[in-house]
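Participant: Pasted the sequence and its predicted model underneath.
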Amino acid sequence: MVCLQISAAANLCSLRTVNAAIHLPKLPSLSNLSIPQLSKTRKLIEEFNGSKDQIERNNNVVLTTQSHDELYRQNNKKSNAIIKLYAILEAVSDRVEMHQNIGEQRNNWNTLLLNSINMITLTATTMSGVAATAAATCSDSSLLALKLSSALLFSAATGLLLIMNKIQPSQLAEEQRNATRLFKQLQSHIKTTIAIGNPTEEDVKDAMEKVLAIDKAYPLPLLGAMLEKYPSKFEPANWWPMSKKVKTQSKKMGKMNNGWSKELEMEMREVVEVIKRKDAEDYDRLGNIALKVNKSLAIAGPLLTGIAAIGSTFVGSGSLAAFVPLLAGSLASVINTFEHGGQVGMVFEMYRASGGFFNLIETSIDSTLGEKDLEKRENGELFEMKMALQLGRSVSELRELASKSASCRMEGIEIDEFASKLF
């Protein structure tokens, strides 16, 4: 009975059983995998990655080395430029001292020669007067001594006047003063270039050219290199390097930058027109007048002393013979005092330097406006300020001058104002 119950229960459980089957793919046997091949592949990958890292490191090292080399070369160029600028600065400082000392010496020449020649001329004139007064009472030997002494003194005065008029000490002194001022200006410019930093070989070349240009414009020697004191025509001084003329830009520009605008360019062109029509023309006229006066006085002084020297030998022959050396000697002293005491040669040199100053401003503006690349120009606002200061004006006054010039030109009338308020 018990066995029947157990059998029935087992049959019931077998009926509830669910048969399920999972079919898995046949995995390869581990023995089929080649461990050396895996190791070799992994080794190649590692070598590739290592090589890649090494290449990157090598590239970085190469780039870093190149950057350091380039930086070293740039620093070396800057150092060389600074050293050269300091060498030029020493030479400029020496020239400042030389021109100052020689300028003082030549100014002393003017004073000493003027006083000496006047004393000789007046002494000779006095002796001629004494000889004429005592002609009737003095012995022949005494009268002859007075006449010869007077003639010798007048001849000495004539020779000294010819030398003095040839070299024009007052004009020489003014030349050295101008050279000293220009070398001091160049000295400050070089110091500023060094202080700002980043000098280039172009700065060195520019400084060298300026030094040589000033040396040529204001030479120190008297023999051979001395400037012509009586040129046939008045010509302004030129103490800046001569550069190639830059063609002015004719085609329209696009966007203005670096501080420049079309209005500023028009302003600068109007300033140049005012300088040409008023300042440069006026100083050219005054320079020609000073040149003519200087030539006339340089001829008249020695001519009068020469006449007095000849006339003094005929003292005692008549009243007219005594009158000639007295009058000629007196006039020679007056003319010599007016020429060298009034420093007419210095006035002529002053006009020559002022005319050169206006030519320099014209050249600076024309060359700046002629540069097509605006980035290569000097900053427009800075350039405008410099021009205003050089002409003794404020920036607003310079703009007013340009506006007034444009209005007068459109109306066909001449502007009644000079560009410069300094000269």
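Facilitator: Good, I have the coordinates. The shown structure was predicted, so the numbers you read here are calculated from the model rather than taken from an experiment.
Participant: Measure how buried residue 323 is and give me the count.
Facilitator: Using other Cβ atoms under 10 Å, residue 323 has 14 other residues around it. All C-beta atoms are positioned from the backbone trio N, CA, C, and that covers glycine.
Participant: which strands and helices sit next to the strand or helix carrying it?
Facilitator: Secondary structure from DSSP states H and E places residue 323 in helix 319-336. If contacts are counted by 3 or more Cβ pairs under 8 Å, 6 or more residues apart in numbering; DSSP states H and E, helix 319-336 sits against helix 35-133, helix 140-167, helix 281-312.
Participant: so which of the ones you listed gets nearest residue 389?
Facilitator: helix 281-312 (19.7 Å; Cβ to Cβ).
Participant: Give me the packing partners of that closest one, helices and strands only.
Facilitator: Short answer (3+ Cβ pairs under 8 Å, 6+ apart): helix 281-312 packs on helix 35-133, helix 140-167, helix 319-336, helix 344-370.
Participant: picking that back up, could I have the CA atoms of the helix holding residue 323 written out in PDB?
Facilitator: The C-alpha coordinates for helix 319-336 follow below in PDB (Å, rounded to 0.1, in the frame of the first residue of the first chain):
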ATOM      1  CA  SER A 319      95.400 169.400 -48.300                       C
ATOM      2  CA  LEU A 320      93.600 166.700 -50.300                       C
ATOM      3  CA  ALA A 321      96.400 164.200 -49.800                       C
ATOM      4  CA  ALA A 322      95.900 164.500 -46.000                       C
ATOM      5  CA  PHE A 323      92.200 164.200 -46.300                       C
ATOM      6  CA  VAL A 324      92.100 160.800 -48.100                       C
ATOM      7  CA  PRO A 325      93.800 158.600 -45.400                       C
ATOM      8  CA  LEU A 326      91.900 160.200 -42.600                       C
ATOM      9  CA  LEU A 327      88.500 159.700 -44.200                       C
ATOM     10  CA  ALA A 328      89.300 156.200 -45.600                       C
ATOM     11  CA  GLY A 329      90.700 155.000 -42.200                       C
ATOM     12  CA  SER A 330      87.800 156.300 -40.300                       C
ATOM     13  CA  LEU A 331      85.200 154.700 -42.600                       C
ATOM     14  CA  ALA A 332      87.100 151.400 -42.600                       C
ATOM     15  CA  SER A 333      86.900 151.300 -38.800                       C
ATOM     16  CA  VAL A 334      83.200 151.900 -38.900                       C
ATOM     17  CA  ILE A 335      82.500 149.300 -41.600                       C
ATOM     18  CA  ASN A 336      84.700 146.800 -39.800                       C
END
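Participant: in that helix, what counts as buried?
Facilitator: Residues of helix 319-336 classed as buried by neighbour count (16 or more other Cβ atoms under 10 Å): 321-322, 324-326, 328-329, 331-336.
Participant: Leaving out the residues flanking it, which one is nearest to residue 331?
Facilitator: residue 304 (5.2 Å; Cβ to Cβ, 6 or more residues apart in numbering).
Participant: With residue 257 instead?
Facilitator: residue 374 (5.6 Å).
Participant: what's around the one you found, how many residues?
Facilitator: Residue 374 has 17 neighbours, counted by other Cβ under 10 Å.
Participant: returning to what we had before: could you check the angle helix 281-312 makes with the helix holding residue 323?
Facilitator: Counting by axes from the mean of the first three to the mean of the last three Cα atoms, to 10 degrees, helix 319-336 lies at 150 degrees to helix 281-312.
Participant: now helix 319-336: how far from the chain's centre is it?
Facilitator: Centroid separation between helix 319-336 and its chain, computed with Cα atoms, centre = their mean, to the nearest Å, is 50 Å.
Participant: same thing with stretch 127-135?
Facilitator: Its chain's C-alpha centre and that of stretch 127-135 lie 60 Å apart, by Cα atoms, centre = their mean.
Participant: contact partners of that stretch?
Facilitator: 138, 142-143, 146-147, 149-150, 153, 308, 311-312, 315-316, 321-322, 325-326, 329 (Cβ atoms under 8 Å, 6 or more residues apart in numbering).
Participant: try 6 Å
Facilitator: 143, 146, 147, 149, 150, 312, 315, 316, 322, 325, 326 (Cβ atoms under 6 Å, 6 or more residues apart in numbering).
Participant: coming back round to it: report the separation between the residue nearest to residue 331 and residue 149.
Facilitator: Per Cβ to Cβ, to the nearest Å, residue 304 is found 19 Å from residue 149.
Participant: Could you identify the most distant pair in the buried residues of helix 319-336?
Facilitator: Farthest-apart pair in the buried residues of helix 319-336 is 321 and 336; separation 23.5 Å (Cβ to Cβ).
Participant: Not counting sequence-adjacent ones, nearest residue to residue 217?
Facilitator: residue 239 (3.8 Å).
Participant: tally of neighbours for the one you found?
Facilitator: By the criterion of other Cβ under 10 Å, residue 239 has 20 neighbours.
Participant: what do you get for residue 409?
Facilitator: With other Cβ under 10 Å as criterion, residue 409 counts 15.
Participant: ok, it to residue 415 distance?
Facilitator: Distance from residue 409 to residue 415, by Cβ to Cβ: 8 Å.
Participant: where in the stretch 251-400 of the chain is pLDDT low?
Facilitator: Scanning the stretch 251-400 of the chain with the threshold set as pLDDT under 70 gives 251-256, 317-319.
Participant: same question, the stretch 51-200 of the chain
Facilitator: 51-78, 135-136, 138.
Participant: still on that earlier bit, export the helices and strands packed on helix 319-336 to JSON lines and tack on mean neighbour count?
Facilitator: Conversion of the helices and strands packed on helix 319-336 to JSON lines gives the following (neighbours: other Cβ atoms under 10 Å):
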{"stretch": "helix 35-133", "mean neighbour count": "14"}
{"stretch": "helix 140-167", "mean neighbour count": "19"}
{"stretch": "helix 281-312", "mean neighbour count": "20"}
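Participant: can you redo those helices as TSV with distance to residue 178?
Facilitator: Below are the helices and strands packed on helix 319-336 laid out as TSV (distance: least, Cβ to Cβ, whole Å):
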stretch	distance to residue 178
helix 35-133	9
helix 140-167	17
helix 281-312	14
